[in-house]
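Asks: Pasting the sequence and the predicted model now:
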Protein chains: 2
Amino acid sequence: MIIIGELINSTRKVMREAMKEGNVDYIQDIAKKQDEGGADYIDVNAGAFVQQETKYLLWLVEKVQEVVDKPLTLDSPSPEALEAAIKTHRGTPMINSITAEKERYGKIMPLVREYNAKVIGLCMDDKGMPETAEERLNIAEKLLNDLDRDGVPLENVFLDPLIKPIAVNGEYGMQALDTIEGITRLGTGAHITCGLSNISYGLPSRALLNQAFIVLAMGRGLDSAIIDPLDNNLVSLVLAAEVLLNRDPYGTNYIKASREGKLAK
Amino acid sequence: MIIIGELINSTRKVMREAMKEGNVDYIQDIAKKQDEGGADYIDVNAGAFVQQETKYLLWLVEKVQEVVDKPLTLDSPSPEALEAAIKTHRGTPMINSITAEKERYGKIMPLVREYNAKVIGLCMDDKGMPETAEERLNIAEKLLNDLDRDGVPLENVFLDPLIKPIAVNGEYGMQALDTIEGITRLGTGAHITCGLSNISYGLPSRALLNQAFIVLAMGRGLDSAIIDPLDNNLVSLVLAAEVLLNRDPYGTNYIKASREGKLAK
């Protein structure tokens, strides 16, 4: 499972304040904790600073890379902010995100190709967020076809089916799962990721819903997720699901985590 | 989800001692707690008392039904013990279990039919425990065909794919999940249940593996399980999965459980 740590995000109030105040210690501490919690990528987002996004994003890249060796996920819809951040970033980053929207695709794809970056591809196009699993899958296929045609290796792509809250429509869970299975069946080598917590929006006891959903989604082929790596219950269940789906041969990782006392009780 | 409470089982040492000592308070307390924990059926097993199984089983039926209104799951391979227990049981019990073994089928099926009982059907035949998902599914189909032919309504049947430990073979999890999905696709109206904890046998941190496995299995169509209803983490994840799979319309049960403080933190 490829885990993208979601905590350094300016849409979270506590993090936005820390960015505003230049609270380097706090941000670096959260970066290190996500690293130790098993994150493979650390997402950095400065989108809340509308006029100064690039400045804050560059600062985040610099400060986080001072303390963490993992690559970062540069989280912005702005090609300018992304390009500046890629140039500051040591090593190969992940871009969050590209879509099948014509203009956004045209501006982000060249960055992905030029820097051989990983990239999160959202299943949406110029018609907006699709309603059915079939529409999502069609967009996923188009996005993969286009990226392949334009020379982006599909193993660098992380498709995100875009999860909608189950509180809005009881079918949204099944719809997301069916989309994930559909992408898996394409067998293109692209990864499948998702921003998990949307599924539980508007319901109580959200953590449990997020936990159950990630396990269900892994059962359909999800192999990456944008999560809080400090949520020990969640990470422990992910490790357990890897064993059950035969993605952790001989349970080596699971047994090691158990021995080290890292698994939830 | 139809939950069968597994705790009153003579193969568990603490319970065997309680049965031996005639510790009615303890057994009735565990029965009540499983009831309150959401069990739809309470399993009773006296199989450890080889020569006196019938005597102990009848005693269990009587003592448990004194304090619990839920029907019991009469857990024995012995037709004699089962028939005596059915006659003592108030209301319609579940029989645990029938198989596709010729002799066992021939003796248990008439009891199921005569008493209109629910019945757990294990996916095994005279060749023993099947190895592959395909073999399991073939046995499941044969068992369902035979029961249907013999006049047993298939909605009374709970097929158990027979889970084997993932520690023995990394494919056993996927194999069980594929069997469950195969039975679901038959669309016969039969339920699918399983003894959950076998999956984690021989590994550390078993509870997490059981939790992840039940969620994965629900994603493939499992609608019943033989579990410890006092395991709050497990039951909470089951309730969450029901919401995500749109089996709990508007999340009514989940929201109620959350408001009542019944969900795990």
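Replies: Thanks, I have the structure now.

Asks: Just say helix, strand or coil for the most centrally placed residue in chain A.
Replies: Residue closest to the average C-alpha location in chain A (Cα atoms, centre = their mean): residue A:226, at 3.6 Å. Secondary structure, DSSP: H, G, I helix; E, B strand; the rest coil: residue A:226 is strand.

Asks: now it, which residues is it bridged with?
Replies: residue A:4, residue A:195 (DSSP bridges).

Asks: Tell me the residues of the stretch 101-250 of chain A that contact chain B?
Replies: Applying Cβ under 8 Å from any Cβ of the partner chain, we find that the stretch 101-250 of chain A lies next to chain B at A:166-167, A:170-171, A:173-174, A:177, A:199, A:203-205, A:207-209, A:211-213, A:215-216, A:218-220, A:236-237, A:239-241, A:243-246, A:249-250. No exception for glycine: its C-beta is placed from N, CA and C like everyone else's.

Asks: quick one on the thing from earlier: what separation do you get for the residue nearest to the centre of chain A and chain B?
Replies: Using Cβ to the nearest Cβ, to the nearest Å, residue A:226 is found at 18 Å from chain B.

Asks: Then residue A:256?
Replies: Where chain B is concerned, residue A:256 sits at a distance of 10 Å (Cβ to the nearest Cβ).

Asks: Which strand or helix spans that residue?
Replies: helix A:252-259 (DSSP states H and E).

Asks: returning to that earlier point: touching, the residue nearest to the centre of chain A and residue A:193? I think so.
Replies: Yes. Assessed by Cβ atoms under 8 Å, residue A:226 is found in contact with residue A:193 at 6.2 Å.

Asks: which residues are in contact with both of these two?
Replies: Taking Cβ atoms under 8 Å, 6 or more residues apart in numbering or on different chains as the contact rule, the neighbours common to residue A:226 and residue A:193 are A:4, A:160.

Asks: returning to that earlier point: who are the contact partners of the residue nearest to the centre of chain A?
Replies: A:4, A:6, A:43, A:73, A:160, A:193-196.

Asks: make it 7 Å
Replies: A:4, A:6, A:43, A:193-196 (Cβ atoms under 7 Å, 6 or more residues apart in numbering or on different chains).

Asks: got it, and residue A:72?
Replies: Applying Cβ under 7 Å, 6+ apart, we find residue A:72 in contact with A:41-42, A:44, A:61, A:64-65, A:89, A:93.

Asks: Repeat the analysis, applying 8 Å as the threshold.
Replies: Counting by Cβ under 8 Å, 6+ apart, residue A:72 touches A:41-44, A:61, A:64-65, A:89, A:93-94.

Asks: before we move on, back to that, can you redo the contacts of residue A:226 as JSON lines with distance to residue B:120, neighbour count and pLDDT?
Replies: Shown next, in JSON lines, are the contacts of residue A:226 (distance: Cβ to Cβ, whole Å; neighbours: other Cβ atoms under 10 Å in any protein chain shown; pLDDT from 0 to 100):
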{"residue": "A:4", "distance to residue B:120": "43", "neighbour count": "27", "pLDDT": "98"}
{"residue": "A:6", "distance to residue B:120": "43", "neighbour count": "23", "pLDDT": "96"}
{"residue": "A:43", "distance to residue B:120": "47", "neighbour count": "23", "pLDDT": "98"}
{"residue": "A:193", "distance to residue B:120": "39", "neighbour count": "30", "pLDDT": "98"}
{"residue": "A:194", "distance to residue B:120": "36", "neighbour count": "28", "pLDDT": "96"}
{"residue": "A:195", "distance to residue B:120": "40", "neighbour count": "20", "pLDDT": "92"}
{"residue": "A:196", "distance to residue B:120": "35", "neighbour count": "22", "pLDDT": "90"}
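
Asks: What segments of the stretch 151-265 of chain A are strands?
Replies: Under the criterion DSSP state E, counting those that start in this stretch, the stretch 151-265 of chain A contains strands at A:157-160, A:191-192, A:224-227.

Asks: From the chain's centroid, how far away is the last one?
Replies: Using Cα atoms, centre = their mean, to the nearest Å, the mean C-alpha position of strand A:224-227 is found 5 Å from that of the whole chain.

Asks: what pairs with residue A:8 across the strands?
Replies: With beta bridges defined as DSSP bridges, residue A:8 has these partners: residue A:44.

Asks: Next up, the contacts around the residue in the stretch 1-150 of chain A positioned nearest to chain B.
Replies: Nearest residue of the stretch 1-150 of chain A to chain B: residue A:1, at 12.2 Å (Cβ to the nearest Cβ). By Cβ under 8 Å, 6+ apart, the contact set of residue A:1 is A:218, A:223-225, A:238, A:242, A:247.

Asks: sorry, back to before: how about the helix holding residue A:256 as CSV, C-alpha atoms only?
Replies: Extracted in CSV, the C-alpha atoms of helix A:252-259 (Å, rounded to 0.1, in the frame of the first residue of the first chain):
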residue,chain,number,x,y,z
THR,A,252,6.3,-10.4,7.0
ASN,A,253,5.5,-6.7,7.4
TYR,A,254,2.5,-7.5,9.6
ILE,A,255,4.4,-9.8,11.9
LYS,A,256,7.2,-7.2,12.1
ALA,A,257,4.8,-4.4,13.0
SER,A,258,3.2,-6.6,15.6
ARG,A,259,6.5,-7.5,17.2
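
Asks: Contact partners for residue A:263?
Replies: Per Cβ under 8 Å, 6+ apart, neighbours of residue A:263: A:232, A:236, A:239, A:254, A:257, B:205, B:208.

Asks: Just the buried ones out of the residues you listed, please.
Replies: When neighbours are counted using 16 or more other Cβ atoms under 10 Å in any protein chain shown, the contacts of residue A:263 contain these buried positions: A:236, A:239, A:254, A:257, B:205, B:208.

Asks: What is the nearest of those to residue B:21?
Replies: Proximity of the buried ones among the contacts of residue A:263 to residue B:21 (Cβ to Cβ) peaks at residue B:205, which lies at 32.7 Å.

Asks: wait, what's in contact with the closest one?
Replies: A:236, A:240, A:254, A:258, A:263.

Asks: Now do residue A:50: how many residues are near it, please.
Replies: 7 (other Cβ atoms under 10 Å in any protein chain shown).

Asks: Now the helix ranked longest in chain A: buried residues?
Replies: Longest helix in chain A, counting residues (DSSP state H): helix A:133-149. Using 16+ other Cβ under 10 Å as the test for burial, helix A:133-149 gives A:133, A:135-141, A:143-144, A:147.

Asks: for stretch A:58-68, same thing?
Replies: Within stretch A:58-68, judged by 16+ other Cβ under 10 Å, the buried ones are A:58-61, A:63-65, A:68.

Asks: Tabulate those residues in JSON lines, adding columns for pLDDT and distance to chain B.
Replies: Below are those laid out as JSON lines (pLDDT from 0 to 100; distance: Cβ to the nearest Cβ, whole Å):
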{"residue": "A:58", "pLDDT": "98", "distance to chain B": "39"}
{"residue": "A:59", "pLDDT": "98", "distance to chain B": "36"}
{"residue": "A:60", "pLDDT": "98", "distance to chain B": "32"}
{"residue": "A:61", "pLDDT": "98", "distance to chain B": "35"}
{"residue": "A:63", "pLDDT": "98", "distance to chain B": "33"}
{"residue": "A:64", "pLDDT": "98", "distance to chain B": "30"}
{"residue": "A:65", "pLDDT": "98", "distance to chain B": "33"}
{"residue": "A:68", "pLDDT": "98", "distance to chain B": "27"}
